[in-house]
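*Asks:* prediction below, plus the sequence it came from.
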Amino acid sequence: MRNVAFISGASRGIGKAIGLKLASEGWDIVVAAKTEKDTPKLPGTIYSAAEEMRALGANALPVVCNVASQESIDAAVEKTLAAFGRVDAVINNAGALWWKNMEETPMKRFDLVMNVNVRAAFALTAGFLPTLKKQNSGHIIMMSPPVDLRVIPGHIAYMISKFGMTMIAFGLAEELRDSNISATALWPKTVIESYATINYHLGDPSVWRKADILADATFEILRRPAETKGKAFLDEDFLRSIGYTDFEKYNCVPGGQPMILDWNTAGAAQS
């Protein structure tokens, strides 16, 4: 039986890279995102991404999912289970970006980052939880950082939403400690190439890494459910801890110098 991964925000960027990696490793993929038509600034759709994964041998199901809508989330969960009857990984990757202080954060923006980041991660996970518990297996991954209170000033709304995702992973791992269901948080150590990075003009390719590093880290986490349950990792540090040594291959420019994420500058490029 092939494993099934549900990936939010999978039409491009990090989510798509994870889907391609898992597809190449024999997984079937639910490509969940709201993009049905591409634009010059945001090329790629759930359909084009699914085709690329099918080319790698996966059964890839494109599903329209606006994670800010509970109705859309419920429909995506239903379509996934109707198509595959199971889910082995719920990867909460979709995100909304807002790096501003409180005075520059209107409530509609606060609500957006809360809905798209922490609420969506909670709702999607809760939607699949009965199936995971019935299977007594599976892995939930939050694309969110280890909790570091020093980075909150200047990014209050965003960090509440992202640390909230990490807290879901921590709390769920404990609630499910006697089960075979794992929950983990994962975050990049350096700036990652994505359309958010490009459109926000965050550095240039010489300081970016390919999303492949997060895809590899995700795959390795899924291979180690007991070891990674209830943990929050930075991609590079985690991969080094399990024996990876070649990180040059992840550079967007050969010989480039990846920029460590610094919340006090425009260096942060992950949504």
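*Replies:* Received, thanks. The model shown is predicted, which means the values in this text are computed figures rather than measured ones. Residues are numbered from 1 along each chain as shown.
*Asks:* what ranges do the helices span in the stretch 1-150 of the chain?
*Replies:* Under the criterion DSSP state H, counting those that start in this stretch, helices of the stretch 1-150 of the chain are mapped to 13-24, 46-54, 70-84, 107-113, 120-135.
*Asks:* by contact count, what packs against the last one?
*Replies:* In terms of contacts (3 or more Cβ pairs under 8 Å, 6 or more residues apart in numbering; DSSP states H and E), helix 120-135 is packed against strand 4-8, helix 70-84, strand 89-92, strand 138-143, helix 156-175. For glycine as for every other residue, the C-beta is placed from the backbone atoms N, C-alpha and C.
*Asks:* please apply the same query to the second one.
*Replies:* Counting contacts by 3+ Cβ pairs under 8 Å, 6+ apart, helix 46-54 is packed against helix 13-24, strand 28-33, strand 60-64.
*Asks:* angle of that helix against helix 13-24?
*Replies:* 30 degrees (axes from the mean of the first three to the mean of the last three Cα atoms, to 10 degrees).
*Asks:* in terms of helices and strands, where is Q257?
*Replies:* Here Q257, judged by DSSP states H and E, is contained in no helix and no strand.
*Asks:* for it, list the residues it contacts.
*Replies:* Taking Cβ atoms under 8 Å, 6 or more residues apart in numbering as the definition of contact, the neighbours of Q257 are 206-207.
*Asks:* which pLDDT value does the model give it?
*Replies:* Reading off the per-residue confidence, Q257 sits at a pLDDT of 93.
*Asks:* measure it to W208 for me?
*Replies:* According to Cβ to Cβ, to the nearest Å, Q257 and W208 sit 10 Å apart.
*Asks:* count of neighbours near the residue lying closest to T35 once chain neighbours are set aside?
*Replies:* Excluding the flanking residues, the one nearest T35 by Cβ to Cβ, 6 or more residues apart in numbering is S11, at 4.5 Å. In terms of burial, S11 registers 27 neighbours under the definition other Cβ atoms under 10 Å.
*Asks:* wait, doesn't S11 sit right on T39?
*Replies:* No. S11 is not in contact with T39 according to Cβ atoms under 8 Å; the separation is 11.7 Å.
*Asks:* right, and the helices of the stretch 1-150 of the chain - which one's nearest A60?
*Replies:* Relative to A60, the nearest member of the helices of the stretch 1-150 of the chain by Cβ to Cβ is helix 46-54, separated by 3.9 Å.
*Asks:* return the set of buried residues in the closest one.
*Replies:* Going by neighbour count (16 or more other Cβ atoms under 10 Å), the buried part of helix 46-54 is 46, 48-50, 52-53.
*Asks:* which secondary element of this structure has the worst mean pLDDT?
*Replies:* The element with the least model confidence among the helices and strands of the chain, by mean pLDDT, DSSP states H and E, is helix 195-199, at a mean of 75.
*Asks:* residues making contact with the next helix or strand after it?
*Replies:* The element immediately downstream of helix 195-199 (helix or strand, assigned by DSSP H and E) is helix 212-222. If you take Cβ under 8 Å, 6+ apart as the criterion, helix 212-222 is touched by 14, 17-18, 20-22, 25, 89, 91, 139, 141, 143, 184, 186, 188, 192, 228, 233, 235-236, 238-239, 242, 244, 247, 249-250.
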